[in-house]
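>>> Just the structure for this:
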Amino acid sequence: MLSILLVRFSSIGDVILTTPLVRALRRRHPEADLTFVTKRVLVPLVSENPNLNRVVALEPDEPVRHLARRLKSLAPTHGLDLHGSLRSRALRFLVPGQWAGYRKRKLARGWLISTKLDWYGTHTPVPERYFEAARHLDVKPDGGPPDFAIGAQAKTRVDEWIRTEGLAPHSLAVLAPGAAHVTKRWPAGHWAALAGRFTSRGMTPVIVGGTADRGIASQIDGVRSVAGTFSLQETGALLARARVAVSGDTGVMHMATGVGTPVVALFGPTVRQFGFAPYQAPSTVMERTLDCRPCSAMGSNRCPMGHHRCLDDIAPVDVDRAAEHLAK
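Residues are numbered from 1 along each chain as shown. Prediction:
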């Protein structure tokens, strides 16, 4: 019997984008034993996925050799390295099995950033690049979006919150203003203007994110915030109840696609060629054509040009129109 390890330690969006491969493996090999390996904090992204037999967590500060010992006990026949980090490569040596990875296209990405010349050729989304690791397992993308399965407990918690707040579920619009890097953040004033437009149309904007996003949430008056309050599962349940979501090029964007919620994605320093645009789901990517884009692969702490026009120039009125169109 096939026993397959799928290894992706981080981050939110990257883990969500592995799920089309998980689904394809389950359909092609219904009797296979599928184990997903990720960091403890990200387990909720795949813990309810019905296509997996189990999720194994890398605990905080756990040596990779200890994780390898636990994985060896599963007697895997195949290992799919969907991360390509030093830690995941170490597992290839420590855990017996037929291992394979995928190409990250780092050369093409670096060339595009440094010269603005596109050497990617075919623009293959990251979820489809992951399939390279399973090239010996006879699976192909099915054209469907990612999966983010939500458990009953998270759904109940969010439904209770909606009732307590006196909100109508069909009016919810999720806003995700946070980002790990400054250059991926749309200005707080733009978020406030967008929230005002939503409110004037009878929508109820709600801010999501982690504890680090509470600061920007506090700068947007008159908007409810669950940043740092809702878990990943609960954030997914809220997204599933929303008519539309607006997010930067971050994990929330992919969480929205995983629960079937239309999303307006704001792309600034990054570009679609990197492979992280919303995948096979109702979406609109808002971006501006500038000679300085892209300037980094994951964002940075300051705009190299000093103007941040890539996001500053995306007007709230345009985002509102895109959201209104998707929410119909």
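>>> my guess is Leu194 contacts Ser247, does it?
No. Under the criterion of CB atoms under 8 Å, Leu194 makes no contact with Ser247, lying 11.8 Å away. Any C-beta I mention is one placed from the backbone N, CA and C, and that applies to glycine too.
>>> between these two, what contacts are shared?
Residues touching both Leu194 and Ser247 by CB atoms under 8 Å, 6 or more residues apart in numbering: Leu175.
>>> host element of Ala265?
Per DSSP states H and E: Ala265 is located in strand 263-266.
>>> dump the residue contacts of the residue nearest to Ala149 when sequence neighbours are not counted.
Among residues not flanking Ala149 along the chain, Glu48 sits closest, at 3.9 Å (CB to CB, 6 or more residues apart in numbering). Applying CB under 8 Å, 6+ apart to Glu48 gives the contacts 149-151, 233.
>>> Wasn't Ala57 part of a strand?
Yes. Judged by DSSP: H, G, I helix; E, B strand; the rest coil, Ala57 forms part of a strand.
>>> Next one: the closest residue to it other than its chain neighbours, what pLDDT does it get?
Among residues not flanking Ala57 along the chain, Arg40 sits closest, at 4.2 Å (CB to CB, 6+ apart). Arg40 carries a pLDDT score of 98 in this model.
>>> Would you confirm that Arg40 contacts Glu59?
Yes. Contact criterion CB under 8 Å: Arg40 and Glu59 qualify, at 5.4 Å.
>>> Okay, now the sheet partners of the lengthiest strand in the chain, with direction.
Criterion DSSP state E: the longest strand present in the chain is strand 33-39. On the basis of DSSP bridges, the sheet neighbours of strand 33-39 come out as strand 3-7 (parallel), strand 54-58 (parallel).
>>> Out of the ones you listed, flag the one nearest Phe131.
Of all the strands paired with strand 33-39, it is strand 3-7 that lies closest to Phe131, at 11.7 Å by CB to CB.
>>> contacting residues around that closest one?
Contacts with strand 3-7, where a contact means CB under 8 Å, 6+ apart, come from 18, 21-22, 25, 29, 32-38, 71, 74-83, 88, 91, 95, 97, 137.
>>> Go through the residues you listed and flag which are in strands.
Per DSSP E, these map to strands at 33-38, 78-81.
>>> out of those, which is most surrounded?
Leu80 (33 neighbours; other CB atoms under 10 Å).
>>> Identify the residues contacting it.
Contacts of Leu80 by CB under 8 Å, 6+ apart are 4-7, 21, 99-101, 130, 133-134.
>>> Tabulate those residues in a markdown table, adding columns for distance to Gly228 and neighbour count.
Formatted as a markdown table, the contacts of Leu80 follow (distance: CB to CB, whole Å; neighbours: other CB atoms under 10 Å):
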| residue | distance to Gly228 | neighbour count |
| --- | --- | --- |
| Ile4 | 35 | 23 |
| Leu5 | 32 | 23 |
| Leu6 | 29 | 27 |
| Val7 | 29 | 29 |
| Leu21 | 31 | 27 |
| Trp99 | 38 | 19 |
| Ala100 | 38 | 17 |
| Gly101 | 35 | 18 |
| Tyr130 | 30 | 25 |
| Ala133 | 34 | 24 |
| Ala134 | 36 | 23 |
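>>> Please consider this matter closed, and thank you.
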